[in-house]
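Novice: I would like the atomic coordinates for the input below:
(one chain, ligands or ions: 2)
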Amino acid sequence: MPSTMGSTSRDDLSRAGGARAETASGTTDGTTAGSTNGGTTAGTAPPGDVPVRLLDEKGVRHPDPGLDRWLTDVDAGTDDARGALLALYEDMVVARRIDAEATALQRQGELALWPPLQGQEAAQVGSAAALRDDDFVFSSYREHAVARRRGVASVDLLRVWRGVTASGWDPYAVGMATPQVIIGAQALHGVGYALGIQADVERGVVAPGEGGTAAVVAYVGDGAMSQGDVNEAFVFAATWQVPLVLFCQNNQWAISEPVALQSAVPLVRRAWGFGVPGVRVDGNDVLAVLAVTREALHRARTGGGPTFVEAVTYRMGPHTTADDPTRYRDASELDVWAERDPIARLAAYLRAGGLLTGDDEVRVRAAADAVAAELRAGVVAIEDPPPLSVFDHVYAEPHPTVAAERAEHAAYLAGFADTGTTTTGTTTTDTTTSGEGADR
Ligand SMILES: Cc1ncc(C[n+]2csc(CCOP(=O)(O)OP(=O)(O)O)c2C)c(N)n1
Ligand SMILES: [Mg+2]
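Specialist: Residues are numbered from 1 along each chain as shown. Ligands and ions are numbered 1, 2, ... in the order given. Modelled structure (predicted):
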């Protein structure tokens, strides 16, 4: 095989990815506001490839009967409606502030790693705002704003990334599983949970609430769409018609691989091939995201089965703090997407309607700074767990291999210690310092 073949075609695709990133949101010509799908976001025919949108890049609101009917609360023009809109704005600002603080904490050695969400605030806040308390979320590692909206305390968002625990929160307390790092696995977990909801209702274990049953949202990335797990999840979800929303944040990149490498067609078209209705939405428009997610959840709750949402957005930062995106993407791409910033867009809309005053902006900024300060103080105060506690929860029951590895590591650690007391795990009682392993 010619040795240049792979790299040549890969470069071509990379460029295609850049071009697609430029056109994917369809926001350059200003013609795409509103639904392109006859007023319904996921009907019987495949939707267009142009994302549906309610707020254009300048923050101008374009009416759309098909989507507007899901937004009567935020459109009502009442104090409550203004409060709801400001809450969306504040959640996005605070999410970005937490993200910046976490990135700084990683740079200062307080976190091992951090996957930034900057640019994806509208996709996350808008979709999470559509959820009920009894719904359940399965996410990847980047959905910090979703977790916060579910009720996860800010400092708990960072525990895993400090390397001190396997889960920063109790999934059942907030209705959101521990973030998944195995790409796409959470799509199958979501299908399984949704099957459980279905079974509980069918057997009368749980009665549907007002507006229908609980539902599941599983968040995946554009890269995850190439994983077997996600494709299997589509098959099961469609076959069993489970109450699931598969929410894809197409942020244009899977680490250094552009979305054009994952799919020759818009990702949303894949869903229809599985028999799952799909909608492509401007992921930087929080109102459109809220509307399409509400519609999808309504379908799920009322026996209409799964829906796929492709939220077209952009990862403004690196994949993680261990990544350097300047090695694989043009700075010009960032300029294009900066013009589509989700927070600036909502702010422009609110300001134009007199819904966001200067005082409001000062208050929101102060609230975000307070969250960041509390976060920093909380994170640096986290104590390291005993090193051997890493073995405690590998299996629920004792396991000989884990026990052997644990003993070996205890002996190794003892070689460094004056006393054995600092190296013991939470379940060990052996604090002796035999000196064994000191020469390893
Ligand atoms: C099964 C599996 N394969 C590969 C990886 C390595 N990996 C980590 S993140 C990532 C890219 C994921 O991209 P995408 O799904 O678009 O999500 P994003 O990071 O953009 O949010 C890969 C390949 C992994 N974690 N799991
Ligand atoms: Mg991606």
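Novice: Close to ligand 1: what parts of the chain are there?
Specialist: 140, 142, 181-183, 221-224, 251, 253-255, 315, 319 (CB under 6 Å from any ligand atom). Bear in mind the C-beta positions are built from the backbone N, C-alpha and C, glycine included.
Novice: ok, so of those residues, who is nearest residue 129?
Specialist: residue 142 (17.5 Å; CB to CB).
Novice: count of neighbours near the residue in the chain that ligand 2 sits nearest to?
Specialist: Closest to ligand 2 within the chain is residue 221: 3.7 Å, counting by CB to the ion. Close neighbours of residue 221, defined as other CB atoms under 10 Å, add up to 24.
Novice: Just the pLDDT for residue 89.
Specialist: Residue 89 is assigned 98 on the pLDDT scale.
Novice: starting at the chain centroid, how far to the helix or strand that contains residue 74?
Specialist: Under the criterion of DSSP states H and E, residue 74 resides in helix 72-75. With CA atoms, centre = their mean, to the nearest Å as the basis, helix 72-75 stands 25 Å off its chain's centre.
Novice: average pLDDT for that helix?
Specialist: 95.
Novice: what's the following helix or strand after that helix?
Specialist: Next element after helix 72-75 (DSSP H and E): helix 79-107.
Novice: Mind listing what's buried along that following helix?
Specialist: 81-82, 84-86, 88-99, 101-103, 105-106 (16 or more other CB atoms under 10 Å).
Novice: packing partners for that helix?
Specialist: helix 72-75, helix 121-128, helix 144-150, helix 154-162, helix 286-301, helix 342-352, helix 358-380 (3 or more CB pairs under 8 Å, 6 or more residues apart in numbering; DSSP states H and E).
Novice: Tell me what angle that helix forms with helix 342-352.
Specialist: Angle of helix 79-107 versus helix 342-352, following axes from the mean of the first three to the mean of the last three CA atoms, to 10 degrees, is 150 degrees.
Novice: Am I right that residue 183 is in contact with residue 224?
Specialist: Yes - contact criterion CB atoms under 8 Å: residue 183 and residue 224 qualify, at 4.9 Å.
Novice: what do these two both touch?
Specialist: Residues touching both residue 183 and residue 224 by CB atoms under 8 Å, 6 or more residues apart in numbering: residue 140.
Novice: which one of those two has more residues nearby?
Specialist: The neighbour count for residue 183 versus residue 224, taken as other CB under 10 Å, is higher for residue 224 (25 against 19).
Novice: doesn't residue 190 make contact with that one?
Specialist: No - counting by CB under 8 Å, residue 224 stays clear of residue 190, with 12.0 Å between them.
Novice: So the nearest residue to residue 49 once chain neighbours are set aside versus residue 272, what's the distance?
Specialist: Once flanking residues are discounted, residue 49 sits nearest to residue 266: 4.6 Å by CB to CB, 6 or more residues apart in numbering. Note on residue 266: its distance to residue 272, by CB to CB, to the nearest Å, is 11 Å.
Novice: pLDDT wise, what is residue 393 at?
Specialist: In this prediction residue 393 is given a pLDDT of 87.
Novice: show me what contacts the residue nearest the centre of the chain?
Specialist: In the chain, the residue lying closest to the centroid (CA atoms, centre = their mean) is residue 143, at 2.7 Å. Shown in contact with residue 143 (CB under 8 Å, 6+ apart): 117, 124, 137, 179, 219.
Novice: next one: residue 151
Specialist: Per CB under 8 Å, 6+ apart, neighbours of residue 151: 173-174.
Novice: again, but for residue 223
Specialist: Here residue 223 is in contact with 183, 253-255, 257, 262 (CB under 8 Å, 6+ apart).
Novice: neighbour-wise, which of those residues leads?
Specialist: Neighbour counts for these (other CB under 10 Å) peak at residue 253, which has 25 neighbours.
Novice: Could you check how many residues crowd around the nearest residue to that one once chain neighbours are set aside?
Specialist: Computed as CB to CB, 6+ apart, the closest residue to residue 253 that is not its neighbour in sequence is residue 315, at 5.7 Å. Neighbourhood size, residue 315 [other CB under 10 Å]: 26.
Novice: Break the protein down into its domains, please.
Specialist: The chain breaks down by automatic domain parsing into domains covering 26-380, 386-440.
Novice: what bits of this protein have low per-residue confidence?
Specialist: 1-48, 417-440 (pLDDT under 70).
Novice: Could you list everything the residue in the chain positioned nearest to ligand 1 pairs with in the sheet?
Specialist: Relative to ligand 1, the nearest point of the chain is residue 221 (2.3 Å; CB to the nearest ligand atom). Taking DSSP bridges as the rule, residue 221 bridges to residue 249.
Novice: That one contacts residue 252, correct?
Specialist: No - at 10.1 Å, residue 221 and residue 252 do not qualify as touching, with contact defined as CB under 8 Å.
Novice: picking up where we left off before, is it possible to get JSON lines of the contacts of residue 223 that adds distance to residue 377?
Specialist: What follows is those, written out as JSON lines (distance: CB to CB, whole Å):
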{"residue": "183", "distance to residue 377": "33"}
{"residue": "253", "distance to residue 377": "33"}
{"residue": "254", "distance to residue 377": "35"}
{"residue": "255", "distance to residue 377": "32"}
{"residue": "257", "distance to residue 377": "38"}
{"residue": "262", "distance to residue 377": "40"}
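Novice: mind listing which of those residues are in strands?
Specialist: 253-254, 257 (DSSP state E).
Novice: Near ligand 2, which residues of this structure are found?
Specialist: With CB under 5 Å from the ion as the criterion, the chain meets ligand 2 at residues 221-223, 251, 254.
Novice: For residue 335, state which of those is nearest.
Specialist: Within the residues of the chain next to ligand 2, the smallest distance to residue 335 is 16.5 Å, found for residue 251 (CB to CB).
Novice: How about that closest one: what's its closest non-neighbour residue?
Specialist: residue 315 (3.9 Å).
Novice: just to revisit the earlier point, with distance to residue 149 as added columns, please give the ones in strands among the contacts of residue 223 in JSON lines.
Specialist: Listed next are the ones in strands among the contacts of residue 223 as JSON lines, based on distance: CB to CB, whole Å:
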{"residue": "253", "distance to residue 149": "24"}
{"residue": "254", "distance to residue 149": "25"}
{"residue": "257", "distance to residue 149": "29"}
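Novice: wait, which of those residues is closest to residue 160?
Specialist: residue 254 (20.9 Å).
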